[in-house]
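[1] The sequence and its predicted three-dimensional model are supplied below.
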Amino acid sequence: MIAAHLAGIHVFATGGSGGVHKGAEDSFDISADLMELAQTAVTVVAAGAKAILDVAKTLEVLETQGVPVIAYGQDSFPAFWSRGSKLRAPLRMDDPAQIAAAHRTRALMGLPGGQLIANPIPPEAEIPATEMAPIIKAAQSDADRAGIVGKGVTPYLLQRIFELTQGRSLEANIALVRNNARLAAKIALELSTTR
């Protein structure tokens, strides 16, 4: 995000945003990218926050930091491997031109920070949230038993979920990254062609 901003790139695509880790009320484990979004003027396209996180608390932190969170094409906030969640997205936009206009408006108003575009995974690549929830819970239990903490949690959980889904989580991850890159390209095109 910082490198994109320094290079004059206004739109950045990634898999899923970081966020507030489960148990953060004790560990204070909150991903640095939430604070960075509040101060770096880049539109970030992601498939929501990683589903291994406390997504509700992640949305609260983003709101507190003044970061607009915009779901693309749906009201539900996407849950990374799953198209939707029980959480309603704070904002919804259905057109890359709208998203580009919101980015431009923030810049014209001199507002700091960027915006998070929550782009749902394509339907054919999705792993439903009802299927993922017990897998995530099992992976988290394994991490707790193994004493995994801090920066080691996310890589451990993603690897364990890969194992428990027999590789489906990685296939879904690749599909959602490609989908995010396509949307980011459309937003960037709108930013470059409209004034």
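    Great, that's in hand.
[2] contacts, neighbours, all on C-alpha from now
    Will do.
[3] Where do the helices of this protein begin and end?
    Using DSSP state H, the helices assigned to the chain run over residues 2-6, 24-27, 32-37, 55-64, 96-108, 129-146, 153-164, 168-193.
[4] rank those by mean pLDDT and give me the bottom one.
    Averaged per stretch, pLDDT over the helices of the chain is lowest on helix 24-27, reaching a mean of 64.
[5] Nearest approach to residue 123 belongs to which of the helices of the chain?
    Residue 123 sits nearest to helix 168-193 of all these, at 10.0 Å, using Cα to Cα.
[6] Tell me which other helices or strands the closest one touches.
    strand 11-13, strand 43-46, helix 96-108, helix 153-164 (3 or more Cα pairs under 8 Å, 6 or more residues apart in numbering; DSSP states H and E).
[7] Quick one: the helices of the chain as CSV, columns for distance to residue 13 and mean neighbour count too.
    Putting the helices of the chain into CSV (distance: least, Cα to Cα, whole Å; neighbours: other Cα atoms under 10 Å) gives the following:
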stretch, distance to residue 13, mean neighbour count
helix 2-6, 10, 13
helix 24-27, 26, 10
helix 32-37, 13, 18
helix 55-64, 18, 17
helix 96-108, 14, 17
helix 129-146, 23, 15
helix 153-164, 19, 17
helix 168-193, 5, 19
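[8] Neighbours of residue 49, how many?
    25 (other Cα atoms under 10 Å).
[9] One more: residue 30?
    Counted by other Cα under 10 Å, the residues lying close to residue 30 total 21.
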